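S.K.: Dropping the sequence and predicted coords here.
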Amino acid sequence: MKYILLAFSLILFACSEPTKDSSLIEMSFNQAMWQNNISNRRAMLNDFLAKYDLQKQNSSSIKQLLGEPDGYYLYDEFPAYRLKEKGDCVVAFPINRKTGKVKRALIEPENCLIQGN
């Protein structure tokens, strides 16, 4: 009888829908929402990176798209935006000083997006 209950429990568990981690939900990039709601930025980041070719952007165009930065990364010309209300988690846009263009999006600290809120 014990094994039947165990088997039944395993079947129910296997057939149930997976739970969704709200931190993994993705949203379309929305400029106004990015600027006014830090808690949604992580969800919009992938869509933003897919829509805009960063290597064609410069510091000014990043600021036009994302608004004034929350701070700067390493140097005053590398805009950075918080991705969480609490704790350290930012996306920064290092600029190539020779071309003036964005090199890449840099998440700092590296693993902050996979950590809990």
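M.R.: Yes, it's here.

S.K.: What sits closest to the residue most central in space within the chain if chain neighbours are left out?
M.R.: With distances taken as Cα atoms, centre = their mean, the residue of the chain nearest its centroid is residue 42 (2.9 Å). Of all residues not flanking residue 42 in the chain, residue 83 sits nearest, at 4.8 Å (Cβ to Cβ, 6 or more residues apart in numbering). For glycine as for every other residue, the C-beta is placed from the backbone atoms N, C-alpha and C.

S.K.: With adjacent residues omitted, what lies nearest to residue 69?
M.R.: The shortest distance from residue 69 to any non-neighbouring residue, by Cβ to Cβ, 6+ apart, is to residue 79 (3.7 Å).

S.K.: wait, the one you found sits on residue 64?
M.R.: No - between residue 79 and residue 64 there is no contact under Cβ atoms under 8 Å: 11.0 Å.
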